[in-house]
Structures are given as structure tokens and as C-alpha cells.
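Q: here is my input, please return the structure:
(chains A and B)
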Amino acid sequence: MDANFDQLDELREAGLARVHAAADSDALRLVEREFLEKGGVVAALLAEIPKLAPEKRREGGQGANQLKTAIQNAIGEKREALLEASLMVEAGGGSFDPTLPAAPMERGSLHPITQVTREVEEIFQSMGYTVLDGPEVELDFYNFQALNIPADHPAREHQDTFWCDHEQNLVLRTQTSPVQIRAMETLEPPFRVIVPGRVFRNEALDATHEHTFHQVEGLVVGEDINVGQLIGTLKSFLTEVFQKETDVRLRPGFFPFVEPGFEVDIRCPFCDTGCKVCSDTTWVEYCGCGMVHPNVLRAGGIDSERWSAFAFGMGLDRLVMMRNKIDDLRQFMGGDLRFLEQF
Amino acid sequence: MLISYAWLGRHIDLDGLDVDEVARLLTLHTAEVEGVERVAPHLDQVIVGYVAAREKHPDADKLNICTVDVGDGEPLQIVCGAPNVDAGQKVAVAKIGTMLPGDFKIKKSKIRGVESRGMICSVKELELGDEHDGIWVLDPEAEIAKPVAAALGMIDWAIEIDNKAITHRPDLWGHRGFARELAAITGRALRPLDLSLPSTGTARSVPVSIESKSCSRYIALEIEGLKPATTPAWMRQLLLAVGQRPIELSVDVSNFVMLDLGQPNHLFDRSKIGSDGIGVRDAREGEKLRTLDGVDRTLSSEDVLITSGDEPIAIGGVMGGEESMVAAGTNAMLLEVASFHPTVIRRTATRLGLRTDASTRFEKTLDPTLPMQAAAHLVRTLSDIVGGLELPSAATDVGDWQDPSSVIELRPDRLRKLLGAPITDDEIRSYLESLGFQVGRVEEFGWLRTHSPTRVAEVGATLGGAAGIAERLAELGRQIDTLSLTPADIAEIRNRLESYGIGVGDLSSMSVSVPSFRATKDITIEVDLIEEVGRLYGLTRIEEQALVVSAKPVARDRRRQMVRAIQDRLAGGARFHEVLTYSFLPEELAQKTGVADEAYVEVVNAVSEGWNRVRRSVAPSLLGLLENNLRHRDDVRLFEVGKGYLPADAEHPGDRGQPRQRHEVALVWGAPKPGKKARFDADRLSALKAVVEDLCGSLGVELTWRAVEDERPAWAHPARRLVGGVEHKKEFTELCFLSSIDPRVARALGVSADVAIGTVSIDALVELPDPGSRYTPLPKFPGIKIDVALAVPEALPAAEVVLAIEAAGKGLVKEIKLFDLYRGEQVGEGRKSLAYHVLLQSQAKTLTDKEAQKFLQRLERGVEKHSGELRRE
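A: Have a look, this model is predicted:
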């Protein structure tokens, strides 16, 4: 193209039009070469400048540079636009399908009982409780005698207890309560502990009966520990577990290791007016508790005149079942991943 | 146990207390009510009809065509086969559409060509008794068209009490006990009941001799002059309401008394008792008796027998014999009311599989003063029905028993403190009195007064006071015993006690006399009384209180933290699923996994056959889950944190014979077997090894692996197994065991996948010293990466090769990573080539090619000692 200073406007229009018309990066490259590179239009104009009259040279130089900048900018913009367009080709009818599944990455899982145990531990730890553990194969002394369940008590009958020897010295613990005595033997009052763990009852399996299940036991020993505090403790705990102000109701209940002993009903967490969980009563039987029997404190080496104590025990399997509306207890110990991976 | 609402009404005025309110009050104050059910609800459907006319059926001799007025317009024509139906009777009519017991719906029908629009019911059809020889003829006063229930006042509910809630309450195994509770709860009066024995004749009483320790009291009373009579309707209804089938008058009265007062009793046919009278003795091993249910029972020496002469006539406390039982028409009887040992009765009932109403009650330790009251109640009840009885001789009352009534000191301040409720002294008194206790006034040092000096000294000692306090309290006990305290003495005592932190308020007490019916088992110490007051005051009235927490942090438990970290690591990065399995290892699984011969803690009364074994390790339990899960997925990764138990033995006797506990995490990984061209480390064992290395690494434990030569678990592959642990000062502490599954075990389990198993001992991990900080400064100088391939004899372990590389590096080797394992032509038979990425790096300077070359030269010499060579391409 001729380098003619009189036609700067026309040159620019022509160049921009060609940039605009460029369909791909090759076409764009061609325009770039023709205008901006060695031997191109701008170079030719600049070469003409010395030939101009001195007073026109400055004007000519400016004109050539403006032309160069205009074309350069236009090419830059066009290049971006072309790149964007080329990337977009993949979308909408292109090769990218956002609904295609990703390469699978299976998750692991924690057992629901582990999850609920942790939750319960965290709540009680925040209330100042220490978490304790105890053996599952337990001495008769800790599981029964020390808990005010003497040798001829009906609770020891074969239908309830798994015995590990014919002398009835060893049992599979029927409750987490033996750890109460172990705690009393090792800790100095005042103290407060919880004991989550596995317990055993000799019962035939069905959807609502297991011979192996999980409990959490609580024990608070101190001066002037009373029933009001027991109620307060249970309410605080349950309100935290259900994330909802939960009322409790104590009823007389008989457990040899507490006196007075209570059954605890909780306001149904799932309804206000009655539902399947609460059998339309709005109360759900939840756990047992009471003031620790003086004989039990004595067995643990604690002066029952100086110290008083409350204890409670509740089922963890039931908590998981209630929350998830699980109807078959056997699934917890069944080890079927189709059940477990849901938690 | 079932309690009849109407029955309660015999003992207490129920006006204004409907059955739901009774159930609610009992649940909140006494024992859990599991349900309330209307008794004979079909009696609300069946109505009173009047047989206006009766004619013979034209085509059937035994059928009658009755015209029955049921109140609404047109009388019903009903065909009835009962011989006793007649015009002028009021009868129970089930109209068309009525549902009778047994899902029997009344429909319009034709009987021998005659239309019948309903049914005239018998007692049996309404489940009100066994009589089926005719229809039920109602009271002539019954109002036509009214439901039978309303017309005859047969409206009742059965209240079901949770048996577990009253195992400790022998007084609640009869209606009067529950009525007493209800009276105390509502402040109503218990209706008086005359429980004195009417006067008896002067004939010689029946001799009774007790030779068994299991019977502490035996009352025998002759009853004669029983005129034939049927059980009155009211009694039948009450018995039926609580599920007791009426049989005949004397038996029904016997049952009625048991269900009313809670005291079992038995009636013998007097003519079957010989002149020697009654004996009570332990049975002889193998002795036999046919009980009144017609079953021959073989007895053991633990059972108690009632005998006539030496001949057994009843199993004491459980069931009478068939031979001596009373029947309709027996007019001379011998009444037995006795006290038996609770445990003996329970054992007998359990062993014979014969839990009767009687045995259930005797198990609860009944009030030994009750038998005479029950005897009187039976005589009076029966006498009222038949209009007079003869008691020819005085009751024989023998046995070695004591009135269990006792006195307990109750400290009102202690009560208020323990319950956390402001219950006044007067309230305490009135609650206890309403339950039948007698309460004395509050005395300032009452608590000490009734304690023997020795006991007071004990209290003093446990209070941990100075040396003098124990004696001082003992002295105090004696002084107060004699009630010779002056006001100055009291002031002095008060000061002294307070100086030892003993609240004087806690020493004021009231003497509470416990009635015999509460004293056998339930109420023996102060807190038992506190419970009584608490439940009558109302547990729902006790206000919640805050339990103030000390600001001390809760001590952290390393084991628990570790378990939590392990679970998170495995379920997280390693993508394992946590399972929980039984602590029992079923015999079948023990066989399949090859561990059946190992010693184990044995459950002697297993839940089912083959479930006697308490597991030693968690691993076999996990293996048992593989087959099922592999059916649904290719890749199954399981872990469990759990406990296994090793029986105590001579070497590990354990605390009082307790087994050793093994706390571990077991891992099982099953996945398809790697293909021929898979990388050298594509098998499950390698993969599981990486998981365990990562797991331990995350706990700050760098594992060293070793081959194992010693014993292996039966499920472990004989060759493909190893142990991991830490080495500290040349001491190796084993932490984990890994292996491939033994292919024979895999086959037994029905598993064809590639399976690796691991166990990591949490006990051992917890014992390791805290690893401390693992920080090393970042490198300041670039390192050199060199790839080396070393051909070595097959038998040379990779660990040796790594040692050679480290030695050649002279402290400069920072990383060694195996990236290829080759066997084949290029290295020759019996050799393998191991290729490593090696990073050489110095903290002091930038390394040069010269140092790299020196490293390679040293390495070449190093592996030559192992008959290896550095391969150069």
C-alpha cells in the first residue's frame, strides 16, 4: 500500500476494517505483518518523513504513530475476542458436558455409634466431665456386687447376663456402671465422669433387641449433689443433643445402684402433639438415673455421709435410631457397607 | 401385671379420678403404667334384648325361633339353639354388624330356612367365662336396648403395670397395695378392710411340721360347711378384667385374695390330707408330683414340698398337686397360707419352667405378717358369698419368722439437700404417714441418738476429724442415749461439731417406723425414705439447678485422642469404612479363619449355639464381613477399633482372674487381584502397608518393617507377612502386623479377591514416648536428583539396598524412592533390579557433579559387596 500522508484516515479505516474482518488468528497475523512489521505500511510512512517539508515532519510522525497504535490496539482486542470465542466452542454443543460424572472417589465413613459417642463426649467434656473407659469382660464384683446387686438378685439370672465362667466370677458387663466403682477407686472426689462403651445382655436378636449395644454412663460425686442438679444436667445435655430446648420428666424407677432411682422421659424431640416415636404421648422414655446408693459409694471407698452423687445411663444406639428413624437395631453390628456408608 | 380400675374402687373412692388420671398418677408417683385397656369392649356393642316370644323351629327340634325386643321399633327374629332360652328373659343380643371376640362378625342368615337377624349370646361367646350350655340370662331389671356393659355396670379398664418397676415392691402385687399408693398420692382415705380371723371351733387343729429352711411360716386352717354356690358376677368380672379365668367358687376366692392382697394361698381337699397333717420338707432328688395342670414334675432337692404324711401334695410356693386339689362340690377344705424363701421359689419356678402367679409373688420377699391377714380375708370373703362357714379348729400357725418392721432415723435437712427441694418437716411427715409409716417428732440430735456408740465412732472416724473427734462422738452417742443433755451440753456439742464442718442441722432427725409390708426388702435405710417422700412430693416439682463447674481443664486422655485420630485418618484420607462387630467370634468363623484352636474366654451361656467365644483379636471378625460386602462392590476397606481378650493363665493371672485386654485397630482391604502387568506395588498388602505407614506417620511414628519368622495368626499368608515397629536404641517395639490372607482361609470364606489384613496395637502406640517436634530447617542449597538402578540377587532385601545407598551418600541422602522393580533377561536369572530416585542434598553448600560421581562410585563398590551391580544404560 502506498504510504501517503494525505490518506492517513483512509489507511486507518482500511486497516481497522481488515482487523475487524479477520476470521482467525492467521488472518489477523497477516494484517499485523502488512501494517506493523518491517516493510509494512507504518514503516513506509516513517521512511517518508525525512522527505517531507521540515514543518510537516512533526505532524507526519505523529500521524504515523497514531495509525500504528490504532491498528496495534485493534489487533490486540481482536486477538482476545478470537481466543475467547475459540474457548467457548467447548461449551454448548462442544465437548464439555458439565453433567458428566467425575472420576469416582469413594468416601470412607465413621460408624454412626462412633459419631454419636463423640458428640456426647464433646458435650459432657464442655461441661467439665472426664471420659473414662473400662473392660468389657468384667469382674462380677464390679458389675454386680459393688453396685448393690447381691448374689441372689433376679437381674443376675441367666437370661440377662453372659457369664464367662461357671463360678460366675467373670461376666460380659451388662452395663457401663461398673466403671463407676473403678472411677471411685481411682479418683478423689469431687469429680464428674462419663463412660461410653459396649455392653451385653443375653437376649435373642430381633429388630429391637440386641445382645450387644452401647451406653453412656455419667457419674458426678461432690458435696451436696442433689436431684435438682441431676435434672438440670440432663436438660442441658439433651437440649444440646437435640439442638432444641428439651424438657425432662422424672418418674420413680428401680435400679439397685441408685436410691432414689428414676426413669427419665423427655419431651418428644420430633413433635409437639404426638407422633409415632412417642406413641402419641409427647413423652419418650429415655434413660435411667438416680442418686447413687450409699452402699455403692461405700463399695467405691467414698464416705456417703460427706459426699453425695448422682448417676445416669442412656442408650446410644437408641439415640441414633431415634434421630435417623432407623427401625432395625441389628444393622449397627451387621457390618454392611450399604448401611454404614450413609453416615 | 394387670390392675383393674373397678377393683381399685373396692379400696378407695375413685370419684373424679378417671382411669387415665389413675394411670398418670401411678406412672408419675409409683410405677410405670404401660397401657390402659378397656375390659371386654364388645360389651358396648352387645345390647340388652327382651325375649317377647319363643316358638319351636318347624324343621329342627333343638332350635327355637325367638322374637326379641331390642327397643327400636320392629322386634328381631333370632334363631337360637340354646336349651335355656325362654320368653320373658332379658338376654345379650349381638345385632347384625356387631363384632364379637375372635373377629366374629354377626351377619343376617337363614337357619334351616328361617331368617335370623342377630345372635343371643352365651357367656362363653362374650369371653366372660366357660359356660356354654346355654345363653346368658341377664338381670330382669336390665334396661332394654342399652349396651350390656352400661346396663350391668360392667365398665372396667385393665391397667398394665411394668413388672420391672415393682420387683422391689412386694406390697404392690395386689390391688390393695396400689389403692394405698393412690390414696397417698391423692390424699384420699383407704377404705377399711376387716382382716381379723373369725372365731374358730375347738376341734384338734391340723398338725403342721416344717422341716425345710425354705419355709418360714405356715398357716393351716380347716374350712367346712361350704354350701354349693357359684362365683358372684362381680368377682367373675374383676377376675376376668385382670386376665384370671373364673373356675369355681373356692378357687376363684383363693385367686381373688391373692390378687387383692398379694399373698398367694392354696386350698386342699381336706379329705386328701391324712391324720398326720401337713409336712413341709425339701424334695428328694428325682421325686415326682403331678401338678394341678396335669403335668408330671420331677423335683430336685432345692425344691420345697408340701406333704400329707410323707406324700407330696404341692410344690411349695409354686403350684398345688392334682390329687389334692379342690373342685366344685368339695365342702371341706384345708387352707394353706405360707411364707417361702424368695430365691428358692425363683429357682424352682425357673428350673421347672413354671412361673405362676404365686411364684412371681413369693420371689419378691412378701411381708411375713401377711399370711394371717390373707387367711382372714379368704374366710370372710367366702363366708360373705355363701352365707356362713364353719371353722372347726383353730388355725395352725408355725414357723420361724420375725416381724420385719423397723425404725429408721430420717434427717429432714439431709432429705432437702439430697432432693434439692424445699419440703417442710410437716409435709415429710404427712407423706410418710399416708403410706403407712409412723413418724415421730424431729429431735435435735436424733441422728446420733439411735446410732450405737460404735457406729457414731465410725461416723466420727470417716469424717476425718482430729484424733479426739471419734471418741468425742462416741461419748456423745452414749450421752444422748441416756437423754441427759443440758442446754449447755447441746451448745458445746454444736460448737464442736461445727468446728469439724458437721452441719448440726444434719443431725436432727425424726424416727420413722416402717410397716412390715414395706420393710422386707425395699425400705431399709434413710435414702429409701427420702425416695418415698420425693415421689409423693412429686418429682416433677423438683426444680432444675445448675451444677457449678470448677474452672479446671479436663485432663486429656492420650488413648482417646489417639483412637479418634486413627478413626479420622482411616475414614478420611485412607477412605476406609469403620465397622463395629460383635465381641463374640462365632464358631463357624473361628473355624474358617483357622483360629479355632486358640485359647479363649468362654461365655458359658451363649446367646445361641457356637457363640461361646469371646474374640482375642478384632481381625477375624472383619474377615467375616468380606464376602457379603464384596458381593456389592469391588473394593472393600474396613476397619474397627476394638478390644480382644486373652484368658488369664499362669503367666498372666490378671486381676482376680480377669483376662488380658488387647486394644487394637484391625484393617482389612479386599480388592481385585492385580493384573500381570501391574506395577510391583499394586497388590493389597503394599497398599495396606502404605495406609498403615501413613496412619502411624500421622501419629508421629516412623515405622520400620521387618520380616517375621515366629508364629503367625492362622489367617496370615505363610510368606507374605511382616511386622512394623519403631527402633529405639537397638530395641525394637512391635506396633503392627500385616499380611496377605492365607489363600486357604480366603477359599473357606468364599473370597477370591486380593485381601490384606493388618492389626495395629493401640496399647503399644499409647506406651510410646511422645515423639516431640519433628521440625527440620528448610534446605538452603539445591540438591541433586539422581536415578540409580541396582541389580542384586533376589534374596537381598530392599532394606539392605537402601542401607547401601545411604552409606554411599555419607549423610547427604535426603530421599530414596523406589520407582521400579524389574525381573527378567536383562538382569539374569535369580536377580532383580531395583530403581530409585535419590536426592542428595547438603545443609552446607551446593553440591556439584563431582560429589554426585563420588556417590555413584561408592555405591557401585557398596553393592558389589552384596554381589550386586550398578546398572548404567
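
Q: mind pulling up the phi and psi values for A:G335?
A: Phi and psi for A:G335, reported as degrees, to the nearest 10, are phi 70, psi 20.

Q: before we move on, what about A:P178?
A: Backbone torsions of A:P178, given as degrees, to the nearest 10, read phi -60, psi -30.

Q: that one and B:D655, how far apart?
A: In this structure, A:P178 and B:D655 are 13 Å apart, going by C-beta to C-beta, to the nearest Å. For the C-beta atoms, the positions are set from N, CA and C on the backbone; glycine is no exception.

Q: the two - which one has more neighbours?
A: In this view A:P178 and B:D655 are compared by other C-beta atoms under 10 Å in any protein chain shown, and A:P178 has more residues nearby, 27 against 9.

Q: excluding chain neighbours, what is closest to A:H211?
A: Once flanking residues are discounted, A:H211 sits nearest to B:V607: 4.9 Å by C-beta to C-beta, 6 or more residues apart in numbering or on different chains.

Q: now do the same contact list for the one you found.
A: A:F162, A:N202, A:E203, A:A204, A:L205, A:H211, B:F584 (C-beta atoms under 8 Å, 6 or more residues apart in numbering or on different chains).

Q: do that again at 10 Å, thanks
A: By C-beta atoms under 10 Å, 6 or more residues apart in numbering or on different chains, the contact set of B:V607 is A:F162, A:F200, A:R201, A:N202, A:E203, A:A204, A:L205, A:H211, A:T212, B:Y582, B:F584.

Q: which residue ranges of the stretch 101-250 of chain B form helices?
A: Here the stretch 101-250 of chain B has its helices, by DSSP state H, counting those that start in this stretch, at B:148-151, B:175-186, B:233-241, B:249-261.

Q: for the stretch 201-343 of chain A, same thing?
A: Under the criterion DSSP H, counting those that start in this stretch, the stretch 201-343 of chain A carries helices at the ranges A:227-242, A:294-299, A:316-324, A:337-340.

Q: now the third one: how far from the chain's centre is it?
A: Meaning helix A:316-324. 17 Å (C-alpha atoms, centre = their mean, to the nearest Å).

Q: list the buried residues of it.
A: A:L316, A:D317, A:R318, A:L319, A:V320, A:M321, A:M322 (16 or more other C-beta atoms under 10 Å in any protein chain shown).

Q: just the last one next, same as before
A: Going by neighbour count (16+ other C-beta under 10 Å), the buried part of helix A:337-340 is A:L337, A:F339, A:L340.

Q: also the second one?
A: Within helix A:294-299, the residues that count as buried by 16+ other C-beta under 10 Å are A:P294, A:N295, A:V296, A:L297, A:A299.

Q: hang on, isn't the last one packed against A:F141?
A: Yes - counting by C-beta atoms under 10 Å, A:A299 does reach A:F141; the two are 8.5 Å apart.

Q: get me the contact residues on the stretch 1-150 of chain B for chain A.
A: Neighbours of chain A within the stretch 1-150 of chain B, by C-beta under 10 Å from any C-beta of the partner chain: B:L26, B:T27, B:L28, B:H29, B:T30, B:A31, B:E32, B:G35.

Q: pLDDT score assigned to B:G468?
A: B:G468 carries a pLDDT value of 54.

Q: where are the low-confidence patches of the chain?
A: If you meant another chain, say so; for now it's chain A. Across chain A, the ranges flagged by pLDDT under 70 are A:1-3, A:90-94, A:154-155, A:157-159.

Q: that's the wrong chain, I meant chain B
A: Ranges of chain B meeting pLDDT under 70: B:445, B:448-490, B:492-494, B:496-505, B:551, B:872-873.

Q: point to the residue nearest the middle of it.
A: A centroid search over chain B (C-alpha atoms, centre = their mean) returns B:K164, at 9.2 Å, as the residue closest to the centre.

Q: just give the nearest non-adjacent residue to that residue, would you?
A: A:F254 (7.1 Å).

Q: and for residue 55, the neighbour number?
A: This is for chain A. By the criterion of other C-beta under 10 Å, A:E55 has 7 neighbours.

Q: wrong one, I was asking about chain B
A: By other C-beta under 10 Å, 10 other residues sit near B:E55.

Q: for my notes, confirm it occurs in a strand.
A: Yes - with DSSP: H, G, I helix; E, B strand; the rest coil as the criterion, B:E55 is part of a strand.

Q: so the nearest residue to it once chain neighbours are set aside, which of the three states?
A: Distance criterion C-beta to C-beta, 6+ apart; nearest residue to B:E55, sequence neighbours excluded, is B:I65 at 5.0 Å. Recorded secondary structure, B:I65: strand (three-state DSSP).

Q: list the contacts of B:I65.
A: Taking C-beta under 10 Å, 6+ apart as the contact definition, B:I65 lies against B:53-58, B:77-80, B:111, B:114-116.

Q: going by neighbour count, which of the residues you listed are buried?
A: Burial by neighbour count, 16+ other C-beta under 10 Å: within the contacts of B:I65 this picks out B:R54, B:H57, B:I78, B:V79, B:C80, B:I111, B:V114, B:S116.
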